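give me a 3D structure for the following:
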Amino acid sequence: MIAVAISVAVLALVATASGAVLYGRRLRIRRRALVSLKTGNAVSGVIIRGSGRWVVVADAMVHDRDASAPTPADGEIWIERANVDYVQAIGGDR
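As a prediction, the model looks like this:
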């Protein structure tokens with residue numbers, strides 16, 4: 001049991017150090033990120049809203065695991081937080 005707790009703590013530390021934003025924490029807005037979904041797909045773009053129930057991504061590209069290249073999205077993409085696996089910062093500010 002102690003080994004599991006230590007593993008979780010180390011994993012959280014590594015994820016935080018690598019730029020990932022842990023679920024349940026407030027996301028930094030106006031930050032380019034990759035939002036990985038529980039379906040295995042992902043959305044990259046600029047997070048413009050990240051508190052509450054929704055993560056809103058503008059200037060978005062949809063990364064479908066079955067597609068050969070990402071697809072640009074028109075407008076904003078609203079993602080329910082329950083569908084988010086993890087969020088990783090990938091670049092500079094907007």
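
buried ones in the helix or strand residue 36 falls within?
For residue 36, the element it lies in under DSSP states H and E is strand 31-37. Neighbour-count burial for strand 31-37 flags 31-37 (criterion: 16 or more other CB atoms under 10 Å). (Each C-beta comes from the backbone N, C-alpha and C, glycine too.)

same question, stretch 48-62
50, 55-57, 60-62.

least confident of those?
When those are sorted by pLDDT, the bottom entry is residue 50 at 84.

pretty sure that residue sits against residue 56.
Yes - with contact defined as CB atoms under 8 Å, residue 50 and residue 56 form a contacting pair (7.5 Å).

so the helix or strand hosting residue 46 versus strand 31-37, what angle?
Per DSSP H and E: residue 46 is located in strand 42-49. When axes from the mean of the first three to the mean of the last three CA atoms, to 10 degrees is applied, the directions of strand 42-49 and strand 31-37 differ by 130 degrees.

from the buried residues of stretch 48-62, which is closest to residue 81?
Checking those against residue 81 with CB to CB, the nearest one is residue 55 at 5.9 Å.

pull the contacting residues for the residue lying closest to the closest one once chain neighbours are set aside.
In space, and not counting its chain neighbours, residue 55 is closest to residue 79: 4.7 Å by CB to CB, 6 or more residues apart in numbering. Contacts for residue 79 were tallied using CB atoms under 8 Å, 6 or more residues apart in numbering; they are 35, 37, 43, 54-57.
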